[in-house]
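Participant: Any chance you can model this:
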Amino acid sequence: MFYGTSKYGDKKINPLEANQLSKKLNELIIEEELFKNADLKISEVADKLQIHSHKLSQLINDNLGKSFAVLVNEHRINEAKKLIQSKMNIKLETVGYDCGFNSISTFYAVFKKITGTTPAKYKDSLS
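Facilitator: Presented below is the predicted three-dimensional model:
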């Protein structure tokens, strides 16, 4: 394998199809709040999109430039930010679990990685 080539070689998803699938994927994750499932698997999402899981993985990796876990965690953190903004009295632990995280430490680590700040500092910055 040559450096700089994609993981999937010359089996690229057509750009038009990739764009359509990306839109469907985003709508599905948001509308059905799939990210709230702490045990969400790529195969479950692929089944809902009616495509093979390897094709969904390729779409996320090659076309969106991230992993499935990162994609899901971005949606979780967006939801967490909305919850913190709308319910200032909510406990941060509750936010983490409500948004699909299995542990509070993972919630805090992912929140900081994506936003650059901790959930507590984010909450404080709103008041």
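
Participant: from here on, contacts and neighbour counts on C-alpha atoms
Facilitator: Fine.

Participant: my guess is residue 34 meets residue 41, correct?
Facilitator: No. Using Cα atoms under 8 Å, residue 34 is not in contact with residue 41, being 9.8 Å away.

Participant: if you count what's nearby, which of these two comes out ahead?
Facilitator: residue 34 (20 against 13; other Cα atoms under 10 Å).

Participant: Can you report how many residues neighbour residue 59?
Facilitator: 23.

Participant: Could you do the one 4 residues further on as well?
Facilitator: For residue 63, the count of nearby residues is 15 (other Cα under 10 Å).

Participant: Spell out the residue ranges of the helices in this protein.
Facilitator: 15-31, 42-49, 53-58, 68-86, 92-98, 104-115, 119-126 (DSSP state H).

Participant: so can I have a markdown table of these showing mean neighbour count and mean pLDDT?
Facilitator: Converted to a markdown table, the helices of the chain look like this (neighbours: other Cα atoms under 10 Å; pLDDT from 0 to 100):
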| stretch | mean neighbour count | mean pLDDT |
| --- | --- | --- |
| helix 15-31 | 14 | 95 |
| helix 42-49 | 14 | 97 |
| helix 53-58 | 18 | 96 |
| helix 68-86 | 18 | 97 |
| helix 92-98 | 19 | 97 |
| helix 104-115 | 16 | 97 |
| helix 119-126 | 13 | 95 |
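
Participant: ok, residue 112 - contacts?
Facilitator: With contact set as Cα atoms under 8 Å, 6 or more residues apart in numbering, residue 112 has these partners: 118-119.

Participant: Number the chain from 14, please
Facilitator: Shifting the count to begin at 14 puts that one at residue 125.

Participant: any idea how far it is from residue 56?
Facilitator: 28 Å (Cα to Cα, to the nearest Å).
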